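Novice: sharing a sequence plus its predicted fold:
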Amino acid sequence: MRKNSTPAERKLWNLLKGTKPFGRGGIRVWRQRPIDHFIVDFYIPQLKLVIEVDGDSHFSPDNLAYDQQRSRILESYGLSVIRFTNREVLDNLDGVWERICEFLPF
């Protein structure tokens, strides 16, 4: 699945792996990580944070309901889940970064 990442997922991955406190030797970020029977786009175990990047297919009524249920299940494991649209990542990476940084303990 990593080979089939969307442009938005690749852009966010490049930001995370190249920016402190993440990146080499910093806080570990896992991409396309299985949690229970789900595969999440990004998982930061130290922060107990799941980051999802949603494309257009996520906005149908059925998929919105599925994503909400999936987030509730992940949150029941003590994880935080934040979602961004492809557009947010592609057009407002600074805003996405600021939101992610809200979860940092320092």
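Specialist: Perfect, thanks for sending it.

Novice: all helices of the chain, in order?
Specialist: 7-18, 61-76, 86-91, 93-101 (DSSP state H).

Novice: can I get the ones you listed in a markdown table including distance to residue 43 and mean neighbour count?
Specialist: Where C-beta positions appear, they are placed from N, C-alpha and C, glycine not excepted. Shown next, in a markdown table, are the helices of the chain (distance: least, CB to CB, whole Å; neighbours: other CB atoms under 10 Å):
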| stretch | distance to residue 43 | mean neighbour count |
| --- | --- | --- |
| helix 7-18 | 11 | 17 |
| helix 61-76 | 10 | 13 |
| helix 86-91 | 17 | 16 |
| helix 93-101 | 13 | 14 |
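
Novice: with distance to residue 24 and mean pLDDT added, can I get the ones you listed in a markdown table?
Specialist: As requested, the helices of the chain are exported to a markdown table (distance: least, CB to CB, whole Å; pLDDT from 0 to 100):
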| stretch | distance to residue 24 | mean pLDDT |
| --- | --- | --- |
| helix 7-18 | 8 | 94 |
| helix 61-76 | 27 | 90 |
| helix 86-91 | 22 | 96 |
| helix 93-101 | 18 | 96 |
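
Novice: ok, which of these comes nearest residue 34?
Specialist: Evaluated over the helices of the chain, closeness to residue 34 peaks at helix 61-76, with 11.9 Å, by CB to CB.

Novice: contacts for the closest one?
Specialist: 35-36, 38, 40, 50, 52, 54, 57-58, 81, 83 (CB atoms under 8 Å, 6 or more residues apart in numbering).

Novice: and the end-to-end length of stretch 90-106?
Specialist: 26 Å (CA to CA, to the nearest Å).
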